[in-house]
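**Student:** Pasting the sequence and the predicted model now:
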Amino acid sequence: MKSVLLLTFAVGLSHVAPAWAGAISIGQLIAKRAPKHIAVEYDCEKDNGRGGFETCNTMCFGLLCRSGNDKLEFDHPDDDTKAARRNSAGCSRNNRCGESPYGSGYECDEFPFAETTGGGSRFNRCVLSKGQKYQGGKIRAWRDAGKYCNKEKGCTISITLNRASNYRYCKPSPDCTNDGNLYDSNGKVKWPENKKSKRSTGAGYYRLRSGGITFSPTPLPIGTLVLRDVPINGTLDDEDGLVARPAILDYGAFEQDTQIVEDEVVGVLL
């Protein structure tokens, strides 16, 4: 009998989970290959009003407009290194996001993440705190699970996005003009001068084993493991009718729980 591995962290509800129809359980598949590379899907907007929101624009601009890299590498830096990386992005303790036109309810969102290398030179956007907390909660949930990367250097991730079509930079070929909310430690981001995406291939839509579709700013090989959100009270039966049992990872970020489920890239819809 097949089973599907679920991880859980405390965030808002996501889209309704589909029933599984694959010939092999994703949980069994991933357990066998212990991947050093994974993709993590962020929900830009959820039905309950939560999600990554403008953090999606941060990630898309970084990967499509500013970076020539396909992946981010988690190198598990110490606190001093993470602080230095945030400072280089312009997200020092007293940053612009605490001032008008932002202020209360906003935070400085740096990219690449402070715990990663790759992804181009560092920059920031001012985003709603709730979007930042969702993004950070999801990173902690899969990172601390011990199954993915296991806090070892050399683990790389790709980023995919759900419900990203309303976000300016989350397009296969976006206009990379600075929308006024892109800064680095030297001030407003001036690159790219030609206003065109640096990436000519690979950005687009990918079909998942579950039947879902995800947007990726970078190329995703067939077979890539994708970690996605589903509601904790949603059903996720596999073809044998077995309801998966979640392992709880409670971060207390929100009052509602969301499960992280394993999915897999099976097709390209570029």
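**Tutor:** Here it is on my side, so go on. Given the structure is predicted, the values throughout are model-derived calculations rather than measurements.
**Student:** Scan the protein for its longest helix.
**Tutor:** Counting by DSSP state H, the longest helix found in the chain is helix 129-143.
**Student:** So which elements touch it?
**Tutor:** Under the contact criterion of 3 or more Cβ pairs under 8 Å, 6 or more residues apart in numbering; DSSP states H and E, helix 129-143 touches strand 6-10, strand 37-43, helix 55-60, strand 106-111, strand 257-269. Just so you know, the C-beta spots here come from the backbone N, C-alpha and C atoms, and that holds for glycine as well.
**Student:** one more time with 10 Å
**Tutor:** Where contact means 3 or more Cβ pairs under 10 Å, 6 or more residues apart in numbering; DSSP states H and E, helix 129-143 is packed against strand 6-10, strand 37-43, helix 55-60, strand 106-111, strand 123-128, strand 155-162, strand 225-231, strand 257-269.
**Student:** okay, the angle between the second one and helix 129-143?
**Tutor:** Put simply, strand 37-43 runs at 150 degrees to helix 129-143, going by axes from the mean of the first three to the mean of the last three Cα atoms, to 10 degrees.
**Student:** Count the residues that sit near the closest residue to Pro219 other than its chain neighbours.
**Tutor:** In this structure, Pro219 finds its nearest non-sequential neighbour in Gly202, 3.0 Å apart by Cβ to Cβ, 6 or more residues apart in numbering. When neighbours are counted by other Cβ atoms under 10 Å, Gly202 registers 15.
**Student:** element containing Gly202, please.
**Tutor:** Using DSSP states H and E, Gly202 sits within no helix or strand.
**Student:** pLDDT value on it, please?
**Tutor:** On pLDDT, Gly202 comes in at 79.
**Student:** tell me which residues form a beta bridge with the closest residue to Leu161 other than its chain neighbours?
**Tutor:** Residue nearest to Leu161 in three dimensions, not counting chain neighbours: Phe215, with 4.9 Å by Cβ to Cβ, 6+ apart. Beta bridges link Phe215 to Leu161, Tyr205 when assigned by DSSP bridges.
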